[in-house]
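Asker: Could you work out the structure for the sequence below:
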Amino acid sequence: MQNIYLDNSATTRVLPEVIKAMVQAMETEYGNPSSLHGIGVAAERLLQAARNNIASLLGVPAGEIFFTSGGTEANNWAITGAARQRKSRGKHLITTQIEHASVLASFQYLEQEGFRVTYLPVNEEGLVSTGDLQAALSNDTILVSVMQVNNEVGTIQPVNEIGSLVRKLAPQALFHVDAVQAFGKIPVKPQQWNVDLLTVSAHKIHGPKGVGALYIRKGVVIAPLLVGGEQEGKLRAGTENVPGIVGFGEAAKAASQRFEDVTLLQELGTLLREGLGRITGCHVNGSLTDGVPYVVNTWFEGVDRGEVLLHMLEERGLYVSTGSACHSRRDDPSHVLKAMGKKDEALYGAVRLSLSPFNTPAEIEQAVEIMAAVVAEYRDFKGGF
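Answerer: Residues are numbered from 1 along each chain as shown. As a prediction, the model looks like this:
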């Protein structure tokens with residue numbers, strides 16, 4: 001039985017060229033990039049090359065990219081660092097109800113420090129209203145954080161319009177974007193979108209786990225999260241994970257080359273949606289017009305337990321998820337789907353299928369066949385629908 005991996009929003013298979021570059025960094029260019037001797041200088045050059053690759057994909061200067069241990073650290077740093085640095089200007093923060101856990105937890109932590117947070121609602125498709133944002137902005141607002149692509153349902157937020165509103169109506173506020181699920185897959189343009197802080201991660205684009213980066217626009221000052229060293233422009237202490245960063249750079253370079261075939265994921269996504277649509281009682285959580293093609297959150301009438309469906313699919317060799325991998329072992333339903341107003345089977349029975357450019361049309365067709373058979377088996381066991 002051939003496995004079909006459709007959980008690429010959780011993590012991706014590391015590319016062979018990424019592994020090769022990382023091994024070389026560990027075996028032959030293993031120096032500490034802060035060391036003054038030749039081996040250390042060679043490691044520093046590797047860091048700079050990776051920084052250049054990531055900056056190029058974002059269209060920003062390399063000096064505005066700061067490496068972290070992943071997207072979670074970058075989100076924590078951006079949010080808590082910005083709020084603490086600017087608290088003398090105000091104590092009002094804005095985010096949405098459907099952000100990644102690392103964003104929501106950061107805001108909840110800041111509430112304990114006396115900050116006031118507005119959590120913007122979303123509609124049934126997972127979209128934020130710019131009208132709600134406009135009403136929430138005030139002279140006391142110092143930070144707005146909105147993700148570009150939702151990790152569970154794939155909805156694309158209007159970050160360009162949001163950035164313009166923040167700059168116009170609350171120029172004292174910083175604008176942070178969690179672009180982890182967008183970077184390397186669809187265009188991300190922080191300079192054009194008035195973004196001050198932006199989070200990216202390696203393992204969502206076929207790079208290694210445990211490495212990410214934070215874009216900090218020139219002139220923006222945020223408090224450091226880690227102290228005790230002068231690495232990363234004296235902003236992020238700790239010896240850099242050179243092999244991981246090298247792998248991130250290689251993955252970013254490969255992603256930039258894949259942009260030449262932008263229709264591939266669209267074709268795979270269309271094939272998947274059309275195939276699932278032929279299954280009686282199939283529905284989609286999210287937006288058909290304002291969503292990425294590579295994330296499909298779906299549910300079926302008569303299927304009330306997504307985790308049961310997941311394991312039945314796994315037995316047939318199809319790997320999907322019930323939502324964010326960060327909360328996959330918890331029994332409580334998705335906060336994203338709850339915020340979208342979903343109930344019953346749409347809330348408890350949903351599964352997420354997420355694609356990569358390395359999936360094939362044949363895999364998608366086989367996945368649809370497996371899904372149809374498993375859903376029918378589930379319904380038979382439950383006595384129909």
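Asker: ok, the closest residue to residue 185 other than its chain neighbours - contacts?
Answerer: Leaving aside its chain neighbours, residue 185 sits nearest to residue 294 (6.5 Å; criterion: C-beta to C-beta, 6 or more residues apart in numbering). For every residue, glycine as well, the C-beta is placed using N, CA and C. Each residue near residue 294 by C-beta atoms under 8 Å, 6 or more residues apart in numbering is listed here: 8-9, 154, 185, 265, 268-269, 354-356.
Asker: In helices only, show me those.
Answerer: 265, 268-269 (DSSP state H).
Asker: In TSV, list those along with distance to residue 145.
Answerer: Listed next are the ones in helices among the contacts of residue 294 as TSV, based on distance: C-beta to C-beta, whole Å:
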residue	distance to residue 145
265	26
268	30
269	27
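Asker: how about low-confidence regions in this structure?
Answerer: Applying pLDDT under 70 to the chain flags the ranges 259-262, 323-331, 384-385.
Asker: In this protein, what residue spans correspond to strands?
Answerer: Remark: strands assigned in the chain by DSSP state E are 4-5, 65-68, 92-96, 116-120, 141-145, 174-178, 197-201, 212-216, 282-285, 295-300, 318-319, 351-354.
Asker: re earlier: now the contacts of residue 294 as CSV including neighbour count and distance to residue 168?
Answerer: As requested, these are exported to CSV (neighbours: other C-beta atoms under 10 Å; distance: C-beta to C-beta, whole Å):
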residue, neighbour count, distance to residue 168
8, 24, 37
9, 27, 33
154, 25, 28
185, 24, 29
265, 20, 33
268, 21, 38
269, 21, 34
354, 26, 35
355, 26, 37
356, 21, 38
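Asker: from the residues you listed, which is closest to residue 178?
Answerer: residue 9 (13.1 Å; C-beta to C-beta).
Asker: Not counting residues beside it along the chain, what's closest to that closest one?
Answerer: Excluding the flanking residues, the one nearest residue 9 by C-beta to C-beta, 6+ apart is residue 354, at 3.7 Å.
Asker: wait, what's in contact with that neighbour?
Answerer: 6-10, 154, 294-296, 321.
Asker: neighbours of residue 370, just the number please.
Answerer: 17 (other C-beta atoms under 10 Å).
Asker: typo on my end, it should be residue 16
Answerer: 9.
Asker: Look up how far residue 231 lies from it.
Answerer: 29 Å (C-beta to C-beta, to the nearest Å).
Asker: Repeat that for residue 363.
Answerer: For residue 363, the distance to residue 231 - C-beta to C-beta - is 42 Å.
Asker: Equivalent analysis for residue 334, please.
Answerer: Distance from residue 334 to residue 231, by C-beta to C-beta: 37 Å.
Asker: neighbour-wise, which of the two wins?
Answerer: With other C-beta under 10 Å as the criterion, residue 334 and residue 231 differ in neighbour count, and residue 334 comes out ahead with 24 against 19.
Asker: My guess is the more buried one contacts residue 350. True?
Answerer: Yes: proximity of residue 334 to residue 350 meets the contact threshold set by C-beta atoms under 8 Å, at 7.1 Å.
Asker: neighbours around residue 116, how many?
Answerer: Neighbour count for residue 116, taken as other C-beta under 10 Å: 14.
Asker: which non-adjacent residue is nearest it?
Answerer: When the adjacent residues along the chain are set aside, residue 116 lies closest to residue 92, with 5.1 Å between them (C-beta to C-beta, 6+ apart).
Asker: Now do the contacts for the one you found.
Answerer: So residue 92 contacts 115-118, 138, 140-142 (C-beta under 8 Å, 6+ apart).
Asker: what's the distance between it and residue 210?
Answerer: Distance of residue 92 to residue 210, given as C-beta to C-beta: 34 Å.
Asker: what sits opposite the residue nearest to residue 9 in the beta ladder?
Answerer: Applying DSSP bridges to residue 354 gives these bridge partners: residue 7, residue 295.
Asker: And residue 361, how far from residue 32?
Answerer: Counting by C-beta to C-beta, the gap from residue 361 to residue 32 is 46 Å.
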